[in-house]
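Colleague: with the input below, show me the fold.
(chains A and B)
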Amino acid sequence: MAQKKPWMTQLELGLLGGKTKDLWEEKTNKRTTLSFTAFHGKEVIRNQNLGVYLGVDHYPSVTLLPIGVGWRGFLGKSARSQFYGSLDLGYGSTLLEKIERTDWSSSWHESGLVVRPAVGIKMPAKKGKWALTASLGYKRQPSYFYEGAHSQSETRPKIPLFRTRKALPEGFSSLNSTSVLYHSLSLQLGILF
Amino acid sequence: MKNRIKFLFIVLFGSSLLFSCMDEVKSTYSFRTMMPVYLEMKDVRAKLIAIAPAQEIENAGKIYIYKDYLLINEPNKGIHVYDNKNPANPINLSFIPIEGNIDLAINSDILYADNYVDLLAFDLTNIRNIRLVKRVEDVFNHLYQHSTGKIITFKDTVLTSDSPSWAFETMWMVRPNMSLSSNMAKASQSYGTGGSMARFTLMDGHLFAVDASTLRVFDVQNPAEPKFLKPIELGWGIETIFPFQQKLFIGSNRGMHIYDASNPSAPTRMAVYEHVLSCDPVVVNEEYAFVTLRSGNFCANGVNELHVLDIKDPYQPKLKKAYPMLNPHGLGLAENYLYVAEGKYGLKSFKINDIQSIDKNQLEFIQSMKSADLIPGPKSLIVIGPDGVCQYDYSNPAQLKKLSCIQVSNPIEVS
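Modeller: Take a look at the predicted model:
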């Protein structure tokens, strides 16, 4: 049996599926989009790995880059197919989204805490130290979109870095905000080495 | 084992196609607006005005220098009293809570302050024991809503509704800086008194108060017994009042009015200098009036200029010269020197011996000193701007030295 490495890396690509309701019409639309996760962790106790992850979650109106911590726990012996459980907890950053600014208004995206619990199976390759994984989970991820009119046309107010508790951030005279809490079923296939 | 796994996968994948959850989509629209607040004057009058301990300044309104004291209005809330014996270290003494107060003036130890529709007189003889000595009722009655007999004031409020408005074009309708009431509120918030943007002023035993359209005259020859004499209609858009040698120079957004106040109880109009619509504070010396015109939020269509008018014949003011400026707000005159608050651009000082070449005699342009208004005081130049209420040593007009700044929690934004 191969010497066990304390470090593991898992790259996963998958689909996020959900239903979204149109704000203006009583209509629901199905959405299916792509999601990618890279996890790097260390076995802290037997079969239990803790680490960090970075991801890309694409939604119809926004692309978020979650960054956070994760857990992978395996059942049974590693030489054979194993069931495993995973939990990713992170913050979805909006680095890929543009902030639109004019003299009169600004619009920008914000995000928040993302969580994905999942169960999966790991199938080791016949040769080598790598394995294939498949997992099914649930992903909860908020996304906010703001469109604000400036109080003064000649001064561009600061865009608040994190979701503001105030109804109206400083320097704005009005703000349209749309929040979407995405509940998705997440199916991911990956490799682990 | 493998079959079981395959089976599990088929079940999981199949269920994923059948089952999925609904996203929660919410949309809100928040906006700042002026909410009307109705008040009964009898309730306001019933409240006892008790001098409160020193408080931090939230918004700096009118500023008034009297003896060694500095009085700073907190718009619609009252007046902060500072001991300014040492301009490098002003000491916050107390706070006079006066609802609806935006203006003040002091005459022989008597402080006049408006309290919505009433004029109050306080005795300042003992600064540690300020007393209300007189209330003149129902003088600023433009605040009355006549149908109800109540006064109507406006409160800057943030409202949030669940029904969003995507019509960005309609949004500016509720922008407070576009509405008249906030125009007033803003004006009262931003500009110091005693400076070029004063709205209460004293001359020859009379108190003159201007609001948006009316000049009101009070006889204060007996300081503790102010008597309301009469209102004089001026037309809309009155912004500032500057007294000089028995004349009143009233800045409006259409021009400058000159009133003869040699009989202070009955000022008469001498001239109106009309020009483009803009916001214009005025300062005056024996021969010339200096007016700044600026473009800004509610001074639409304006230009940014300093106008120098010959007023040797006050019935016929003549434009001598117009100088381009960046965005001039308040201005102040001290002997032969003129100080101009250039908004976000800074502060300029000029020597004005030769009014034909003021631009060539610019002494200093301090770009870091963003300013909305200034008052050349006996001990210091007081500058109101985003840093709060700051005082400068201006014994050398070509080199201002900062002495102190009183912090203001919501300083003026200059644009």
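Colleague: what helix or strand is residue A:68 on?
Modeller: Using DSSP states H and E, the element containing residue A:68 is strand A:63-74.
Colleague: list the strands paired with that strand, with their directions.
Modeller: strand A:48-58 (antiparallel), strand A:82-93 (antiparallel) (DSSP bridges).
Colleague: of all those, which one is nearest residue B:380?
Modeller: strand A:82-93 (49.0 Å; C-beta to C-beta). C-beta coordinates here come from the backbone N, C-alpha and C atoms, glycine included.
Colleague: the following helix or strand past the closest one close to chain B?
Modeller: Note on strand A:82-93: by DSSP H and E, the next helix or strand toward the C-terminus is strand A:100-101. No - using C-beta under 8 Å from any C-beta of the partner chain, we find that strand A:100-101 stays clear of chain B, coming within 12.5 Å at best.
Colleague: that older thread, need the strands paired with strand A:63-74 in a markdown table with mean neighbour count and mean pLDDT, can you?
Modeller: Formatted as a markdown table, these follow (neighbours: other C-beta atoms under 10 Å in any protein chain shown; pLDDT from 0 to 100):
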| stretch | mean neighbour count | mean pLDDT |
| --- | --- | --- |
| strand A:48-58 | 18 | 93 |
| strand A:82-93 | 19 | 91 |
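Colleague: in CSV: those, plus distance to residue B:325.
Modeller: Formatted as CSV, the strands paired with strand A:63-74 follow (distance: least, C-beta to C-beta, whole Å):
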stretch, distance to residue B:325
strand A:48-58, 52
strand A:82-93, 45
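Colleague: what sits closest to residue B:97 if chain neighbours are left out?
Modeller: Leaving aside its chain neighbours, residue B:97 sits nearest to residue B:78 (4.2 Å; criterion: C-beta to C-beta, 6 or more residues apart in numbering or on different chains).
Colleague: same question, residue B:136
Modeller: Distances taken as C-beta to C-beta, 6+ apart put residue B:119 closest to residue B:136, at 4.3 Å, once the chain neighbours are dropped.
Colleague: walk me through the domains of chain B.
Modeller: B:31-176, B:191-325, B:345-415 (automatic domain parsing).
Colleague: mean neighbour count and mean pLDDT added to the ones you listed, as JSON lines?
Modeller: Shown next, in JSON lines, are the domains of chain B (neighbours: other C-beta under 10 Å; pLDDT from 0 to 100):
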{"stretch": "domain B:31-176", "mean neighbour count": "17", "mean pLDDT": "81"}
{"stretch": "domain B:191-325", "mean neighbour count": "19", "mean pLDDT": "78"}
{"stretch": "domain B:345-415", "mean neighbour count": "19", "mean pLDDT": "88"}
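Colleague: list the contacts for residue B:161?
Modeller: Counting by C-beta atoms under 8 Å, 6 or more residues apart in numbering or on different chains, residue B:161 touches B:28, B:29, B:30.
Colleague: next SSE after the one helix or strand the last one maps to?
Modeller: Residue B:30 is part of strand B:24-39, with elements assigned from DSSP H and E. Remark: after strand B:24-39, the chain's next helix or strand is helix B:41-46, criterion DSSP H and E.
Colleague: which elements pack onto that following helix?
Modeller: On a contact count with 3 or more C-beta pairs under 8 Å, 6 or more residues apart in numbering or on different chains; DSSP states H and E, helix B:41-46 meets strand B:118-123, strand B:150-161.
Colleague: before we move on, back to that, filter the contacts of residue B:161 by proximity to chain A?
Modeller: Of the contacts of residue B:161, the ones that also sit near chain A (C-beta under 8 Å from any C-beta) are B:28, B:29, B:30.
Colleague: out of those residues, flag the one nearest to chain A.
Modeller: Ranked by distance to chain A (C-beta to the nearest C-beta), those are led by residue B:30 at 4.2 Å.
Colleague: and the pLDDT for that closest one?
Modeller: Listed pLDDT for residue B:30 reads 82.
Colleague: how close does it sit to residue B:155?
Modeller: Per C-beta to C-beta, to the nearest Å, residue B:30 is found 16 Å from residue B:155.
Colleague: before we move on, back to that, export the helices and strands packed on helix B:41-46 as CSV, with columns for distance to residue A:177.
Modeller: Compiled in CSV, these are given as follows (distance: least, C-beta to C-beta, whole Å):
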stretch, distance to residue A:177
strand B:118-123, 43
strand B:150-161, 9
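Colleague: residue B:102 is nearest to which of those?
Modeller: Among the helices and strands packed on helix B:41-46, the nearest to residue B:102 by C-beta to C-beta is strand B:150-161 (10.8 Å).
Colleague: partner strands of that closest one, with direction?
Modeller: strand B:24-39 (antiparallel), strand B:144-145 (antiparallel).
Colleague: mind pulling up the pLDDT for residue A:152?
Modeller: 75.
Colleague: what about it, how many neighbours?
Modeller: 18 (other C-beta atoms under 10 Å in any protein chain shown).
Colleague: which strands and helices lie in contact with the strand or helix carrying residue A:108?
Modeller: With secondary structure defined by DSSP H and E, residue A:108 is part of strand A:105-111. Counting contacts by 3+ C-beta pairs under 8 Å, 6+ apart, strand A:105-111 packs against strand A:82-93, strand A:100-101, strand A:131-150.
Colleague: I figured residue B:351 was touching residue B:339, is that so?
Modeller: No - between residue B:351 and residue B:339 there is no contact under C-beta atoms under 8 Å: 11.1 Å.
Colleague: overlap of the contact sets of the two?
Modeller: The contact lists of residue B:351 and residue B:339 share residue B:397, where a contact means C-beta under 8 Å, 6+ apart.
Colleague: which parts of the stretch 251-400 of chain B are strands?
Modeller: B:255-260, B:268-274, B:282-284, B:288-293, B:305-310, B:318-324, B:331-334, B:337-341, B:347-351, B:362-366, B:373-376, B:381-385, B:388-393 (DSSP state E, counting those that start in this stretch).
Colleague: any chance of the ones you listed in TSV, plus distance to residue A:137?
Modeller: Shown next, in TSV, are these (distance: least, C-beta to C-beta, whole Å):
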stretch	distance to residue A:137
strand B:255-260	72
strand B:268-274	74
strand B:282-284	71
strand B:288-293	66
strand B:305-310	67
strand B:318-324	66
strand B:331-334	67
strand B:337-341	61
strand B:347-351	61
strand B:362-366	61
strand B:373-376	61
strand B:381-385	55
strand B:388-393	54
